[in-house]
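[1] Can you look at this prediction? I've put the sequence above it.
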Amino acid sequence: MNESSAGAILTLRGEYIALAHAVKAVGLADTGGQAKQMVRAGDILVNGVMAVQPGRKLRVGDHFGIAGGPEWTISS
């Protein structure tokens with residue numbers, strides 16, 4: 001997985017990525033535990049809706065980020 005310099009694209013290596021892993025991969029969290037806490041606290045939006053399940057599967061075309069902040073789109 002990698003991130004573009006603009007922070008807009010997260011490229012998948014497989015079929016999906018768990019939300020908490022994606023949050024960590026783009027640098028919104030320093031650790032997996034911190035990423036899970038952010039998701040459970042409702043700090044992360046997926047496709048414009050608050051997500052609270054760290055294991056939620058993100059697939060190509062989904063987008064996620066912090067409300068009012070940067071957003072990433074899942075790409076293949």
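    Yep, it's here.
[2] So what's the residue count around residue 46?
    19 (other Cβ atoms under 10 Å). Every C-beta, even on glycine, is put in place using the N, C-alpha and C of the backbone.
[3] show me what contacts residue 12?
    Applying Cβ atoms under 8 Å, 6 or more residues apart in numbering, we find residue 12 in contact with 1, 59, 60, 74, 75, 76.
[4] Quick check: buried residues in stretch 16-29?
    For stretch 16-29, burial by neighbour count (16 or more other Cβ atoms under 10 Å) applies to 17, 18, 19, 20, 21, 22, 23, 24, 25, 26, 28, 29.
[5] Quick one: distance of it to the chain centre.
    4 Å (Cα atoms, centre = their mean, to the nearest Å).
[6] separation between the spatially closest residue to residue 50 that is not a sequence neighbour and residue 66?
    In space, and not counting its chain neighbours, residue 50 is closest to residue 42: 4.9 Å by Cβ to Cβ, 6 or more residues apart in numbering. From residue 42 over to residue 66 the distance is 11 Å, taken as Cβ to Cβ, to the nearest Å.
[7] ok, now residue 29?
    Taking Cβ to Cβ, one finds residue 29 at 11 Å from residue 66.
[8] now residue 14
    Counting by Cβ to Cβ, the gap from residue 14 to residue 66 is 25 Å.
[9] Then residue 47?
    For residue 47 relative to residue 66 (Cβ to Cβ), the value is 14 Å.
[10] In terms of packing, which of the two has more residues around it?
    residue 66 (13 against 10).
[11] buried stuff in the longest helix along the chain?
    If you go by DSSP state H, the chain has its longest helix at helix 32-40. Neighbour counts using 16+ other Cβ under 10 Å place 35, 36, 38, 39 of helix 32-40 among the buried residues.
[12] Stretch 12-27 spans what distance, first to last residue?
    16 Å (Cα to Cα, to the nearest Å).
[13] Report the distance from it to the chain centre.
    With Cα atoms, centre = their mean, you get 6 Å for stretch 12-27.
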